[in-house]
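>>> Return atomic coordinates for the entry below.
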Amino acid sequence: MTDRLSADLASGALHDHLAEIAEEAAAVILPYWRTGGEVFSKADDSPVTLADREAEALILSRLAALYPEVQAVAEEQSEAEGKPESAAERFWLIDPLDGTKGFVQGKESFTVNIALIEGDRPTVGVVSAPATSVTWRTAPGGGAQMRRYGDAWRSIQVRDRPDEGFALLSHSVTDEEAVRLAARHGCTQWQGTDSSLKFCLIAEGRFDAYPRTGPTSEWDTAAGQAVLEAAGGRVLNAEGQPLSYGKPGFLNGPFVAMGG
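Residues are numbered from 1 along each chain as shown. Next up, the predicted model:
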């Protein structure tokens, strides 16, 4: 443990710091949006831009200045230097720009994600959406909150499952698979959406489930899971257990995120 991290966690200052850092990263990203900037390919052929790299550099710098003893596992750093062989008891999971494909296409649903993992659980998280100037976070003392940049925080919570639930799904699934996945989780309607925004929209009480069958990295889900669980939701793996972190390769299997 680090004394400053423990103190800031107890006082709520940590939550404020992470929200400020995420919104600073959003300010780094926005000038690159819809400008036709250069797109590079990573080893897995997924895209990366200067916005990803510069936002991550800012986040890592800010966190290192505040909490130098806490391990950080970040997407672009892991791509460049390799993933850590193991995770510390407390560590950061960072995705500086989740939804890069949509970002490159000019869509709005891309996010900045920072989560604190303690043991194998995401206990503090912040997700910021630069295009819409909205941030969601776990709240000091419990619960979840959201705000438009510069506004006051307001509490959010999941809704009870309606008779006709509404699912959010990755754009990568076919219509046939989407109908099947939505129905499996009690939803008669569905909508495709990019990035960790799906967790936050369920946390707000606007949607009900997000089933995922394809692989994801832990930094894709940690911050969103922290927010959703704080709002009263759940994120369960294929065995029906809470999605955990620090797994080999920092990779997730299938999961479902749910509201009430």
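>>> Enumerate the beta-bridge partners assigned to Ala129.
Note on Ala129: beta-bridge partners by DSSP bridges are Val134.
>>> Please list all residues in contact with it.
Ala129 sits next to Ala26, Glu108, Ser109, Phe110, Thr111, Val112, Thr135, Leu197, Cys200 when contact means CB atoms under 8 Å, 6 or more residues apart in numbering. Every residue, glycine included, has its C-beta placed from N, CA and C.
>>> Next, count neighbours for the fourth one.
Counted with other CB atoms under 10 Å, the burial measure for Phe110 works out to 27 neighbours.
>>> where does it land on pLDDT?
The per-residue pLDDT reported for Phe110 equals 96.
>>> Isn't it up against Asp98?
Yes - if you go by CB atoms under 8 Å, Phe110 and Asp98 touch, sitting 6.4 Å apart.
>>> list the residues that contact both of the two?
Residues touching both Phe110 and Asp98 (CB under 8 Å, 6+ apart): Ser195.
>>> coming back round to it: got CSV for the contacts of Ala129, with secondary structure and distance to Tyr149 too?
Below are the contacts of Ala129 laid out as CSV (DSSP: H, G, I helix; E, B strand; the rest coil; distance: CB to CB, whole Å):
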residue, secondary structure, distance to Tyr149
Ala26, helix, 8
Glu108, coil, 15
Ser109, coil, 17
Phe110, coil, 15
Thr111, strand, 14
Val112, strand, 12
Thr135, strand, 7
Leu197, helix, 16
Cys200, helix, 15
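>>> Go through the residues you listed and give me the one with the most neighbours.
The most crowded member of the contacts of Ala129, judged by other CB under 10 Å, is Thr111 (33 neighbours).
>>> Surely that one and Gly99 touch.
Yes - counting by CB under 8 Å, Thr111 does reach Gly99; the two are 6.2 Å apart.
>>> Can you get me a residue count around the residue nearest to Arg90 when sequence neighbours are not counted?
Nearest residue to Arg90 in three dimensions, chain neighbours excluded: Glu118, at 5.4 Å (CB to CB, 6 or more residues apart in numbering). By other CB under 10 Å, the residues close to Glu118 number 16.
>>> Mind listing the residues bridging to Glu118?
Under the criterion used (DSSP bridges), Glu118 bridges to Arg90, Arg121.
>>> hang on, it packs against Glu89?
Yes - counting by CB under 8 Å, Glu89 is a contact partner of Glu118 at 7.1 Å.
>>> circling back to that earlier point, find residues that contact each of Thr111 and Gly99.
Shared contacts of Thr111 and Gly99, defined by CB under 8 Å, 6+ apart, comprise Ser195, Ser196, Leu197.
>>> For the stretch 51-200 of the chain, which segments count as helices?
Assigned by DSSP state H, counting those that start in this stretch, the stretch 51-200 of the chain shows helices spanning 75-81, 100-104, 175-184, 197-203.
>>> Each with direction, which strands does the worst-scoring helix or strand of the chain on mean pLDDT pair with?
Least confident element among the helices and strands of the chain, by mean pLDDT, DSSP states H and E: strand 39-41 (a mean of 81). Note on strand 39-41: by DSSP bridges, its sheet partners are strand 47-49 (antiparallel).
>>> list the buried ones in the partner strand?
Judged by neighbour count using 16 or more other CB atoms under 10 Å, the buried positions of strand 47-49 are Val48, Thr49.
>>> For it, give me every contacting residue.
32, 37-42, 76, 79, 97, 100-101, 103-104.
>>> Buried ones from those residues, can you make that a ChimeraX selection?
Applying 16+ other CB under 10 Å to the contacts of strand 47-49, the buried members can be selected in ChimeraX as follows:
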select :32,76,79,97,100,103,104
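>>> May I see the contacts of strand 47-49 arranged in CSV, with distance to Pro211 as well?
CSV is the format used below for those (distance: CB to CB, whole Å):
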residue, distance to Pro211
Tyr32, 31
Gly37, 33
Glu38, 35
Val39, 29
Phe40, 31
Ser41, 29
Lys42, 26
Glu76, 28
Glu79, 27
Leu97, 24
Thr100, 22
Lys101, 20
Phe103, 24
Val104, 25
